[in-house]
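Chemist: Quick one: sequence and predicted model below, then my questions.
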Amino acid sequence: MSRPPRLRIAVQKSGRLADKSQSLIEAAGFRVVKGANDLLYKIENAPIDLLRVRDDDIPTFVGDGVADFGIVGRNVLEERSEGAPPVEVMPLGFGRCELRIAAPKGFDYAGPRSLEGKRIATSYPNVLKKFLKRNDIRADIVTMRGAVEVAPRLKLAQVICDLVSTGATLETNGLESVETILESEAVLVRCRTLSDPALESLAESLIARIRGVSASRDAKYVMMNAPRARLEELTAILPGADAPTVTPLAGREDIVAVHAVCQESVFWETLERLKAAGASAILVLPIEKMM
């Protein structure tokens, strides 16, 4: 008897996206069970397998149909997508970083033309090559697999192109960012054709759940009482809110109850502005799930 088909999701085995990728899948209601080996984990409550691999391999696994879905940094996706690239489904809101050109302090940088004829060290030669081609720049690319930031001190290159999160490593090595060439974060990708058509319904459910988790990450549910006459002003203050739900209060014609889902962070300053505009009894609640 043939076994029923299982959806396969490729995730990073170790590294900066590994834990958050698994946490995202668990937050979507899938119970992850460690397998007999470290390569394959199973989902207990759905026919899904997690393939735990190197991040560099995820675009190829998904593009070639070895995995149906993958969670990978856009920087890796741009660098490694060769042949039939996977389809990007959605950004996931974590693992944010930037691929930047950085140069020693004092380097006279006046735009991409300043890179003409220079040697540039990077771990992302393909992304860098595309950037140089777009700007019609001729430069020598020195490919390195690590410690790119030391290249100028070792006279291997005049400038570097490297992934930057906080900029602390650049500062330590006497470098400063001069150009951002790619903004990256974790993204959900899928193959163009699922390994089995029977998995389409499960694939749609997976996407909907992950979209809901991602949407609820920073979202807040705001409730308040508001003067009816200032409703438009108060609604404009709420960050990232769609049309709120407005209901009358018993015995009051001038005051209404307002409920709204805010897709952006709600800060104390936001509450102070709402209060100044006449709102009262303001409550801000976290949202665990949203679909």
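Modeler: That came through, no problem.
Chemist: you'd agree P239 is up against L271?
Modeler: No: shown here, P239 and L271 do not form a contact pair, counting by CB atoms under 8 Å, at 11.2 Å. (Each C-beta comes from the backbone N, C-alpha and C, glycine too.)
Chemist: Which helix or strand lies directly C-terminal to the helix ranked longest in the chain?
Modeler: In the chain, taking DSSP state H as the definition, the longest helix is helix 200-216. Next helix or strand after helix 200-216 toward the C-terminus (DSSP states H and E): strand 220-227.
Chemist: by contact count, what packs against that following strand?
Modeler: Applying 3 or more CB pairs under 8 Å, 6 or more residues apart in numbering; DSSP states H and E, we find strand 220-227 packed against strand 252-262, strand 280-286.
Chemist: Which of the ones you listed has the highest mean neighbour count?
Modeler: Highest mean neighbour count among those (mean count of other CB atoms under 10 Å): strand 252-262, with a mean of 16.
Chemist: and the angle for that strand with strand 280-286?
Modeler: 20 degrees (axes from the mean of the first three to the mean of the last three CA atoms, to 10 degrees).
Chemist: How about residues contacting strand 252-262?
Modeler: 219-229, 231, 234-235, 238-242, 244-249, 279, 287, 290 (CB atoms under 8 Å, 6 or more residues apart in numbering).
Chemist: sorry, back to before: so for A147, which of the helices and strands packed on strand 220-227 sits nearest?
Modeler: strand 280-286 (40.9 Å; CB to CB).
Chemist: Could you check the angle the closest one makes with helix 200-216?
Modeler: Relative orientation of strand 280-286 versus helix 200-216 (the same axes, to 10 degrees): 140 degrees.
Chemist: What pairs with strand 280-286, parallel or antiparallel?
Modeler: If you go by DSSP bridges, strand 280-286 pairs up with strand 220-227 (antiparallel).
Chemist: Relative to the whole chain's centre, how far out is whatever helix or strand comes next after the partner strand?
Modeler: Downstream of strand 220-227, the next assigned helix or strand under DSSP H and E is helix 231-237. Put simply, helix 231-237 sits 30 Å off its chain's centre (CA atoms, centre = their mean, to the nearest Å).
Chemist: How about residues contacting whichever helix or strand comes after helix 231-237?
Modeler: Sequence-wise, the next helix or strand downstream of helix 231-237 (DSSP H and E) is strand 245-249. Contacts to strand 245-249, defined as CB under 8 Å, 6+ apart, come from residues N225, L231, I255, V256, A257, V258, H259, A260.
Chemist: Okay, and the beta partners of V246?
Modeler: V246 has these beta-bridge partners by DSSP bridges: V258.
Chemist: Let's see the pLDDT reported for A215.
Modeler: As predicted, A215 sits at a pLDDT of 83.
Chemist: swap that for S195, sorry
Modeler: 87.
Chemist: Check the gap between it and V187 for me.
Modeler: 20 Å (CB to CB, to the nearest Å).
Chemist: now do K42
Modeler: Counting by CB to CB - K42 and V187 are separated by 24 Å.
Chemist: Which of these two has more residues huddled nearby?
Modeler: V187 (20 against 17; other CB atoms under 10 Å).
Chemist: Now for the more buried one, which secondary structure element holds it?
Modeler: Residue-wise, V187 maps onto strand 186-190 under DSSP H and E.
Chemist: Which strands and helices lie in contact with that strand?
Modeler: Strand 186-190 sits against helix 58-63, strand 69-73, helix 74-80, strand 87-91, helix 200-216, with contacts defined as 3+ CB pairs under 8 Å, 6+ apart.
Chemist: Minimum distance to A103: which of the ones you listed has it?
Modeler: helix 74-80 (19.9 Å).
Chemist: Low-confidence regions, the stretch 151-291 of the chain specifically.
Modeler: By pLDDT under 70, the stretch 151-291 of the chain has no low-scoring segment.
Chemist: could you redo the last one with a cut-off of 80?
Modeler: 218, 240-242, 263-265, 289-291 (pLDDT under 80).
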